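In: Provided below for reference: sequence and predicted model.
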Amino acid sequence: MVDIETLGLEPGSAILSIGAVEFTADGLGDEFHREISLKSCQAAGLEIDAGTLEWWLSQDDAVTGVLAGGGELGPVLNAFYNWYPDGAEVWANSPSFDCRHLEAAFDAVGMTEPWEYYDERDVRTLKSLPIAANVEMDGNEHDALDDAKHQARFAAATLRNLDHATSTEVLQD
């Protein structure tokens, strides 16, 4: 599961942080979390949207610290690439947001993302299912790792519900 925080809604926007966690139906695994320097994002050609920056400045102090500091974009993306499990599916609340932004950032530093387009999975699709789990948020919203962990717990629980419902239907047929 991957979640990012950005300074814009369009691919090519500066990325503030990347949070990711491996997960299975049994629970969470290895984690990745890095904050990224805005200067390094701008140096790579990523843009900052003023409206999004204003929105960030209106958030709780618990999450606005992501606006300052962080590592250089290239090394952070390299670390993420090396952390990412070979051949793994990439889950996101919206791959059309998180994956596209990450792909643009990888491209900006001359790298390729560590997943294939056909490995992208969408948490929002699971949310629309009648058997979607109700998982309470643990941590801070708009903290990339906390959001990734929450989404992973939700996806795992919903997939367990789906597996149980499918098994029950097969037994009844």
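Out: That came in fine, so what should we check first?
In: how many neighbours does residue 164 have?
Out: 11 (other CB atoms under 10 Å). Any C-beta I mention is one placed from the backbone N, CA and C, and that applies to glycine too.
In: same question, residue 87
Out: Residues within reach of residue 87, counting by other CB under 10 Å, total 9.
In: would you check how far apart it and residue 2 are?
Out: As defined by CB to CB, to the nearest Å, residue 87 lies at a distance of 15 Å from residue 2.
In: residue 133 now?
Out: From residue 133 over to residue 2 (counting by CB to CB), the distance is 19 Å.
In: top helix in the protein by residue count?
Out: The single longest helix within the chain, with elements called by DSSP state H, is helix 144-172.
In: so where do the strands sit in this structure?
Out: Taking DSSP state E as the test, the strands found in the chain are 2-6, 15-24, 27-35, 90-92, 120-122.
In: for the fourth one, packing partners?
Out: Secondary structure elements in contact with strand 90-92, counted by 3 or more CB pairs under 8 Å, 6 or more residues apart in numbering; DSSP states H and E, are strand 2-6, helix 95-108, strand 120-122, helix 144-172.
In: for the third one, the distance to its chain's centre please.
Out: A distance of 11 Å separates the C-alpha centroid of strand 120-122 from that of its chain, computed with CA atoms, centre = their mean, to the nearest Å.
In: buried set for that strand?
Out: 120, 122 (16 or more other CB atoms under 10 Å).
In: mind listing what that strand pairs with, with the direction of each?
Out: Applying DSSP bridges to the sheet, strand 120-122 is found paired with strand 90-92 (parallel).
In: and the strand it pairs with, average pLDDT?
Out: Averaged across strand 90-92, the pLDDT comes to 98.
In: pull the distance from that strand to the chain's centre.
Out: The offset between the C-alpha centroid of strand 90-92 and the centroid of the whole chain comes to 7 Å, using CA atoms, centre = their mean.
In: ok and the longest helix of the chain relative to strand 15-24, angle-wise?
Out: For the pair helix 144-172 and strand 15-24, the angle between their directions (axes from the mean of the first three to the mean of the last three CA atoms, to 10 degrees) equals 30 degrees.
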